[in-house]
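K.L.:
need a 3D model of the sequence below.
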Amino acid sequence: LNNIDSQLTGELVICDFTRMSPVKNSVCINGKPIHVIIEWCMGKVPAWVMAAVKRGNLQLYNGPIMDIMANKLSIALLSQNENSDLFTREEREVVRNHIPWTRKFMPGETTYETGGTGKTRVRLEEFVITHREQLVLKAGRSYGGYKVIMGAEVPPDRWKQLVEEAFTQKDWVVQEYIKPYSYIYQAGEQGSVPHQVVWGVFLFGTRSPGGFVRVLPEQSHSHVINLNQGAEQSITLEVEEEIPSEQGKDYREGMRANSPDVVKAEVTNHLRHLSGVNLDFLEYIKKNPEALKRSNYSDITQFKTGVSTLQPWPTFIGRQVKNQLQEASTALFQLVKQVPQRLFANNPQALAAYFGFPGEYTQLQLESIKNGHLENLLARGDFIMSSTGMKCIEYNVTGALGGFDLPLMEATYLENPIIAKFIDQNHIKTKNENQYILLWRHILTAAKKKFPPADHPEINIAVILPRYNPTGGTDGQEEYLNRTYRQELRRRLDLVEGL
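P.N.:
Got it, this is the predicted structure:
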């Protein structure tokens with residue numbers, strides 16, 4: 001970066017905390033000051049790192065505050081207080097529209113709306129036992145699909161046992177099951193079937209750069225749409241066309257009559273809602289049977305993205321749908337971030353009692369709030385599109401956001417011969433932005449306020465893994481992260497020179 005400008009430099013390293021050390025109230029690696037840490041350690045950060053944050057010498061993403069922001073108990077609080085005067089009319093509307101009925105699983109009565117006939121009071125434990133097929137049990141701090149129990153997937157006796165166990169642990173929630181719309185994706189060695197879909201929407205502070213989907217065949221043994229349950233990831237490609245073509249309309253009508261090789265007719269309107277390009281893509285597949293063969297997407301399915309498996313077919317979405325997802329996720333997460341202040345007045349004892357944290361840990365979380373962490377958090381909202389609307393089932397608030405390797409996937413999808421041919425033949429324009437570039441833009445904008453360029457000519461970033469293995473294959477990832485970081489530094493230099 002010295003060749004770019006001596007006043008605008010920076011470097012990114014991947015390591016673990018053992019390679020770092022406190023130096024003069026700051027954090028360094030081999031004597032080089034680190035200004036920004038993105039931790040992939042589930043919020044577990046050494047005390048000397050938090051001390052540097054408190055002194056204003058380090059910017060941290062996200063740290064201990066994630067255990068409140070990502071906790072499903074926060075979602076339960078919003079759902080329970082959807083009519084509270086603590087929120088404005090507009091905020092209450094956001095909660096009603098985008099959060100399914102969710103409650104902390106604890107003794108006592110609560111309200112539940114039955115069949116649109118109004119709210120009724122129920123005793124929570126009895127209600128959960130008798131309404132098994134409508135509900136899902138989740139641990140407040142569960143991740144990766146663990147400790148998520150679908151009532152419809154367990155026998156009544158086992159459900160009663162699980163309910164009783166969760167009832168005593170005091171950190172579980174019960175949530176209304178939301179049946180997702182079905183969409184068509186490739187399946188097996190040659191074919192396609194309806195899939196359940198969860199939409200992941202990324203958030204950088206108050207902005208959303210985009211997202212991705214996780215998909216799982218409807219006939220799977222589980223309805224927990226998670227990679228650990230066999231779900232695959234698919235990239236979302238934003239397209240300019242919003243209204244289905246006449247060809248797409250004809251195809252939709254034709255499939256109501258017969259289309260056993262490709263798709264069930266009732267799901268086509270869901271595809272149409274995303275963009276007409278999805279229907280055109282299915283028409284293209286119908287005319288090109290080789291497009292059903294998974295072996296023709298080996299460049300995609302064999303692409304290494306950590307623990308995930310890539311779904312061969314992309315998901316085409318129009319600007320309207322993308323905007324709806326981004327606006328819902330941004331507005332709702334703003335309310336999640338206000339839970340400590342709005343509902344607890346930042347009282348450490350009250351927060352510790354509700355979330356079940358030790359008092360000293362809650363104090364650490366409140367320090368994060370005082371230091372302005374809330375405005376810069378990295379997060380991902382998980383949404384389901386359904387007949388009852390666009391519903392958020394949880395937020396992930398961590399530096400290690402699943403699905404964030406999308407920029408590495410996009411070129412692989414677009415260069416696949418089958419997908420490239422479809423895009424070329426239909427003159428389709430995609431306009432995704434590189435999420436890593438947007439991430440560095442978000443981080444540098446915040447860093448500029450904390451570290452004025454006149455005093456800090458370089459901004460160095462460390463991505464912290466729980467355990468770092470220098471020979472563990474992160475070289476390519478580190479090079480890619482550095483390259484995109486340098487691109488954003490160059491852009492900022494160009495903006496400065498243009499003034």
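
K.L.:
burial measure for residue 368, as a count.
P.N.:
Counted with other C-beta atoms under 10 Å, the neighbours of residue 368 add up to 25. From N, CA and C alone the C-beta is placed, and that goes for glycine too.

K.L.:
pretty sure it sits against residue 61.
P.N.:
No: under the criterion of C-beta atoms under 8 Å, residue 368 is not in contact with residue 61, lying 10.9 Å apart.

K.L.:
now the residue lying closest to residue 73 once chain neighbours are set aside: phi and psi?
P.N.:
Leaving aside its sequence neighbours, residue 73 sits nearest to residue 140 (C-beta to C-beta, 6 or more residues apart in numbering; 4.4 Å). Residue 140 adopts backbone torsions of phi -60, psi -40, taken as degrees, to the nearest 10.

K.L.:
residue 140: what's it in contact with?
P.N.:
Contact analysis of residue 140 by C-beta atoms under 8 Å, 6 or more residues apart in numbering lists 71, 72, 73, 104, 171, 172, 173, 355, 356.

K.L.:
that one and residue 175: what is the separation?
P.N.:
Distance, residue 140 to residue 175, by C-beta to C-beta, to the nearest Å: 11 Å.

K.L.:
ditto for residue 216
P.N.:
As judged by C-beta to C-beta, residue 216 and residue 175 stand 18 Å apart.

K.L.:
cool, residue 92 as well?
P.N.:
To residue 175, residue 92 is 19 Å away according to C-beta to C-beta.

K.L.:
just want to know which of the two has more residues nearby.
P.N.:
residue 175 (23 against 18).

K.L.:
contact partners for that one?
P.N.:
Residue 175 touches 72, 75, 76, 100, 101, 102, 103, 135, 136, 138, 393, counting by C-beta under 8 Å, 6+ apart.

K.L.:
which of these lies closest to residue 364?
P.N.:
If you rank the contacts of residue 175 by distance to residue 364 using C-beta to C-beta, residue 72 comes first, at 20.7 Å.

K.L.:
is it true that the closest one touches residue 397?
P.N.:
No: the criterion here is C-beta under 8 Å, and residue 72 misses it with residue 397 at 11.5 Å.

K.L.:
quick one, which of those two is more surrounded?
P.N.:
residue 397 (26 against 23).

K.L.:
surely the more buried one and residue 373 touch.
P.N.:
No: between residue 397 and residue 373 there is no contact, the gap being 10.4 Å when judged by C-beta under 8 Å.

K.L.:
who touches both of these two?
P.N.:
62, 65.

K.L.:
tell me which of the contacts of residue 175 fall in strands.
P.N.:
Within the contacts of residue 175, residues falling in strands by DSSP state E are 102, 103, 135, 136, 138, 393.

K.L.:
remind me which helix or strand residue 14 belongs to.
P.N.:
Residue 14 belongs to strand 12-15 when assigned by DSSP states H and E.

K.L.:
which strands or helices does that strand pack on?
P.N.:
Here strand 12-15 touches strand 461-464, helix 475-497, going by 3 or more C-beta pairs under 8 Å, 6 or more residues apart in numbering; DSSP states H and E.

K.L.:
quick one: low-confidence ranges for the stretch 301-450 of the chain?
P.N.:
Along the stretch 301-450 of the chain, segments meeting pLDDT under 70 span 304-308, 407.

K.L.:
which parts of it are helices?
P.N.:
Secondary structure of the stretch 301-450 of the chain (DSSP state H, counting those that start in this stretch): helices at 319-337, 339-344, 348-355, 359-370, 406-415, 417-425, 435-450.

K.L.:
cool, the stretch 51-200 of the chain as well?
P.N.:
Counting by DSSP H, counting those that start in this stretch, the helices of the stretch 51-200 of the chain are 66-69, 72-80, 89-98, 124-130, 156-169.
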